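# Everything below, folded, please.
(one chain, ligands or ions: 1)
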Amino acid sequence: MAPRCWRWWHWLGWPRIRPPSASNSTNSGFYRHFSAQKNPQICVVGSGPAGFYTAQHLLKHHTQAHVDIYEKQLVPFGLVRFGVAPDHPENVINTFTQTARSDRCAFRGNVMVGKDVTVPELQGAYHAVVLSYGAEDHRRLEIPGEELPGVCSARAFVGWYNGLPENRELAPDLSCDTAVILGQGNVALDVARILLTPHEHLEKTDITEAALGVLRQSQVKTVWIVGRRGPLQVAFTIKELREMIHLPGTRPILDPADFLGLQDRIKEVPRPRKRLMELLLQTATEKPGAGAARQALATRAWGLRFFRSPQQVLPSPDGRRAAGIRLAVTRLEGVGEATQAVPTGDTEDLPCGLVLSSVGYKSRPIDPSVPFDSKLGIIPNVEGRVVDVPGLYCSGWVKRGPTGVITTTMTDSFLTSQMLLQDLKAGLLPSGPRPGFTAIQALLSSRGVRPVSFSDWEKLDAEEVSRGQGAGKPREKLVDPHEMLRLLGH
Ligand code: NAP
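Next comes the predicted model:
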């Protein structure tokens, strides 16, 4: 049930009756029932980059605030642990660990908000709630054959090689010669790189041993990365492209015809894109030279296929699995950001044994009480303040959609935290003490849910590091929640 002051606020029709701005609110009688809370209890839902950056900023800028970070997994760090490619280790974990070790912060793992505890229950226990739970789902292709074995989302594939418990059984069949990745973003390049990287290079990363075992047996020789638009519209960035170009044992396949006229058009584009285009052009039109010997030795290849939109996954003759993909040939209409791929009416069939759809991630609604824009896949908000729900905030991908790198999420999360602190200062959040975790713990315990703490994670962390040592890996990730709980004596 909503706290009393909330109901009162809703009854007044907030936010149609706009609250006075933070700067003049202190003189207003409107908020005389609210005063700046000295020891605010705040909770953050989600322990990925958005959650940790929000918590970090709150703790730094309010020296009395206490922040609980709720997480459905047994382990923290979200996409930093489960989304970033194993050959791209991130050092932000050290910063997040410092935040979690603060005596004003607590990690509450193994708690699924929306199931084990509702958002209104959290709102009743805390002065403010920040939803930072990211994008747990993938966008669907919505084409026939998408459900066939041999088709999977890049998100699940990434989760599998990174040890995400829900994807540990994926076991992709890599006995085919050709894989097709649909979409030309950085996730597509991550997946292509992992499929083609010599396994001896992956052996020193924290990729799971199970994934490594499957990749060692892989028969995949060619990976096509397919985009519905042209080279000028690719979503990946130059660093990731450069890595592909220099991937040992592989050669790129680019059709120079796709790049005709591009040289002139890239003069007008912003510098980072211009540099990316120059690298693509150079790779597509390179004459045999210094790289020729290396390329001649290449046993694997990756190619960028442009102006092709997925139309249907083609079944094998027995109909049991994917055997190819039918692509609609496209042309571009419109200019700049509005450039769209329009089917020409022609199609092309590309035989393959594995189809990975990498057309973007998607957030899910967390709780019926929280507004959700299912078209945009975000929680409607103004600078992180959830529309129509005072005291509720959001940050990261669930706030702005699944785009941007970790630093984008950092800036975005700091901004949400600033808005929350402004509201707190202006007396817009409930006054009086709030029980925080004490109340939630009682609820969870009555429901048979046992949260895990950050020191529990540190035990699991030590176990992972020790298991990795023998193999020269930074860690061997634990992927089975039952085993993790057993190790914790739960
Ligand atoms: P993304 O960057 O949004 O790329 C999605 C790709 O899918 C685009 O090429 C898009 O083409 C295509 N697409 C979307 N809908 C489609 C459809 N219906 N049919 C065919 N193609 C479709 O998404 P992402 O690769 O999942 O990455 C998410 C974010 O994480 C990005 O901001 C990315 O930079 C970031 N990330 C960064 C790194 C890194 O820094 N190394 C690694 C991984 C992810 P259109 O442009 O035509 O829509």
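
# And the contacts of the longest helix anywhere in the chain?
In the chain, with assignment by DSSP state H, the single longest helix is helix 406-425. Contacts to helix 406-425, defined as C-beta atoms under 8 Å, 6 or more residues apart in numbering, come from residues 22, 36-37, 40, 42, 49-51, 53-54, 57-58, 61-62, 80, 90, 92, 127-128, 130, 132, 383-385, 390, 393-397, 399-400, 404, 429. C-beta: built from backbone N, CA, C; applies to glycine.

# Equivalent analysis for stretch 185-197, please.
85-88, 154-155, 157-158, 161, 174, 179, 181-182, 202, 207, 215, 218, 220, 223, 225, 235-237, 240-241, 243-244, 247-250, 300, 302, 356, 358, 360-361.

# Could you look up the next helix or strand downstream of the longest helix of the chain?
Sequence-wise, the next helix or strand downstream of helix 406-425 (DSSP states H and E) is helix 437-446.

# Give me the contact list for that next one.
68, 106, 108, 111, 116-117, 121-122, 124-125, 450-451.

# Flag every residue of the stretch 1-150 of the chain that's near the ligand.
Contact residues (C-beta under 6 Å from any ligand atom) of the stretch 1-150 of the chain with the ligand: residue 88.

# and residue 462, helix, strand or coil?
helix (DSSP: H, G, I helix; E, B strand; the rest coil).

# which residue packs closest to residue 240, ignoring adjacent ones?
residue 189 (4.3 Å; C-beta to C-beta, 6 or more residues apart in numbering).

# pLDDT value on the one you found, please?
Per-residue pLDDT puts residue 189 at 98.

# Okay, and it sits in which element?
helix 186-196.

# Export that helix to PDB, keeping only CA atoms.
The C-alpha atoms that make up helix 186-196 are tabulated as PDB, following Å, rounded to 0.1, in the frame of the first residue of the first chain:
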ATOM      1  CA  ASN A 186      29.100  -3.700 -31.000                       C
ATOM      2  CA  VAL A 187      27.400  -6.700 -29.600                       C
ATOM      3  CA  ALA A 188      27.400  -8.300 -33.100                       C
ATOM      4  CA  LEU A 189      31.200  -7.600 -33.300                       C
ATOM      5  CA  ASP A 190      31.800  -9.000 -29.800                       C
ATOM      6  CA  VAL A 191      30.000 -12.200 -30.700                       C
ATOM      7  CA  ALA A 192      31.800 -12.500 -34.100                       C
ATOM      8  CA  ARG A 193      35.100 -11.900 -32.400                       C
ATOM      9  CA  ILE A 194      34.500 -14.600 -29.700                       C
ATOM     10  CA  LEU A 195      33.400 -17.100 -32.500                       C
ATOM     11  CA  LEU A 196      36.600 -16.500 -34.400                       C
END
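
# re earlier: just the buried residues out of the contacts of helix 437-446, in ChimeraX syntax.
Of those, the buried ones can be selected in ChimeraX as follows, counting by 16 or more other C-beta atoms under 10 Å:
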select :68,106,108,111,116,117,121,122,124,125,451
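
# Save the contacts of helix 437-446 as CSV, and put in distance to residue 292, secondary structure and pLDDT too.
Formatted as CSV, the contacts of helix 437-446 follow (distance: C-beta to C-beta, whole Å; DSSP: H, G, I helix; E, B strand; the rest coil; pLDDT from 0 to 100):
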residue, distance to residue 292, secondary structure, pLDDT
68, 58, strand, 98
106, 58, strand, 98
108, 57, strand, 98
111, 57, coil, 98
116, 59, coil, 98
117, 61, strand, 98
121, 65, helix, 98
122, 61, helix, 98
124, 68, helix, 97
125, 66, helix, 98
450, 60, coil, 97
451, 58, coil, 98
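
# Among the contacts of helix 437-446, which pair sits farthest apart?
Comparing every pair within the contacts of helix 437-446 by C-beta to C-beta identifies 124 and 450 as the most remote, at 21.4 Å.

# hang on, the earlier thing: return the subset of the contacts of helix 406-425 lying in strands.
Residues from the contacts of helix 406-425 lying in strands, with DSSP state E as the criterion: 42, 128, 130, 385, 393-394.

# Need the pLDDT of the closest residue to the ligand within the chain.
Of all residues in the chain, residue 185 sits closest to the ligand, at 2.2 Å by C-beta to the nearest ligand atom. Note on residue 185: pLDDT of 98.

# And for it, the neighbour number?
Residues near residue 185, counting by other C-beta atoms under 10 Å, number 22.

# any idea how far residue 327 is from it?
Applying C-beta to C-beta, to the nearest Å, the value for residue 185 to residue 327 is 18 Å.

# Skipping adjacent residues, who's closest to residue 285 in space?
Excluding the flanking residues, the one nearest residue 285 by C-beta to C-beta, 6+ apart is residue 256, at 5.3 Å.

# how about stretch 368-377, does it get close to the ligand?
No: Stretch 368-377 stays clear of the ligand (C-beta under 6 Å from any ligand atom), getting no nearer than 11.7 Å.

# Sort out which residues of that stretch are buried, please.
370, 372, 377.

# May I have the distance across that stretch, first residue to last?
Terminal residues of stretch 368-377 lie 15 Å apart, using C-alpha to C-alpha, to the nearest Å.

# Now do the helices in the stretch 251-400 of the chain.
Per DSSP state H, counting those that start in this stretch, the stretch 251-400 of the chain has helices spanning 262-265, 271-285, 292-296, 397-400. These are given in chain order.

# and residue 477, what does it touch?
When contacts are counted by C-beta under 8 Å, 6+ apart, residue 477 touches 81, 162-163, 206, 208, 464.

# can we see that at 7 Å?
By C-beta atoms under 7 Å, 6 or more residues apart in numbering, the contact set of residue 477 is 163, 206, 208, 464.
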